[in-house]
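>>> return a 3D structure for these sequence lines:
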Amino acid sequence: MKIKSEDDGIFLASKIAELSLFHIRVGAVAIDKRGRVLSAATNVIKTHPVQAAFAKRMGQENRVHLHAEINALLRAEEVPHKLFVARIGKRGQLLPGCPCPICQEYIKVNYPLLQLIHS
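The predicted model follows:
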């Protein structure tokens, strides 16, 4: 699948968010320079050592559940060019979905050239 526009990317990320079982439903889609989807992920209840390390780094040790942004980036088999992030509400409506400080720090440290587009 190819993402041809920012609207397409946000739309796909919102559809991924619908699959989340977490109370805050977020989806993320990583693509390469050609627009090919490298990975897609939701936020999940399980913990992850990378999430825990960056949560501790940001002074938010209790936020260890794996966020969609970090989840998608960890799943990508190559360095992504763009990351689309969308959050949806209980009725499926698109909501503002800016990455939290933990995810922003992870992206800044590990993917400084990544273009981030969020709902």
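
>>> just give me how far stretch 56-67 sits from the chain centre.
Distance, stretch centre to chain centre, for stretch 56-67: 15 Å (C-alpha atoms, centre = their mean, to the nearest Å).

>>> average pLDDT for that stretch?
Mean pLDDT, stretch 56-67: 96.

>>> quick one: buried residues of it?
When burial is assessed from 16 or more other C-beta atoms under 10 Å, stretch 56-67 yields the following buried residues: Met58, Arg63, Val64, His65, Leu66, His67. For glycine as for every other residue, the C-beta is placed from the backbone atoms N, C-alpha and C.

>>> what's the answer for stretch 16-27, then?
Going by neighbour count (16+ other C-beta under 10 Å), the buried part of stretch 16-27 is Ile16, Ala17, Ser20, Ile24, Arg25, Val26, Gly27.

>>> mind putting the buried residues of stretch 56-67 in JSON lines, distance to Val79 and secondary structure included?
Formatted as JSON lines, those follow (distance: C-beta to C-beta, whole Å; DSSP: H, G, I helix; E, B strand; the rest coil):
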{"residue": "Met58", "distance to Val79": "23", "secondary structure": "coil"}
{"residue": "Arg63", "distance to Val79": "25", "secondary structure": "coil"}
{"residue": "Val64", "distance to Val79": "25", "secondary structure": "coil"}
{"residue": "His65", "distance to Val79": "25", "secondary structure": "strand"}
{"residue": "Leu66", "distance to Val79": "20", "secondary structure": "coil"}
{"residue": "His67", "distance to Val79": "19", "secondary structure": "coil"}
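
>>> want to throw the residues you listed into JSON lines with distance to Ala52?
JSON lines is the format used below for the buried residues of stretch 56-67 (distance: C-beta to C-beta, whole Å):
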{"residue": "Met58", "distance to Ala52": "11"}
{"residue": "Arg63", "distance to Ala52": "9"}
{"residue": "Val64", "distance to Ala52": "4"}
{"residue": "His65", "distance to Ala52": "9"}
{"residue": "Leu66", "distance to Ala52": "9"}
{"residue": "His67", "distance to Ala52": "11"}
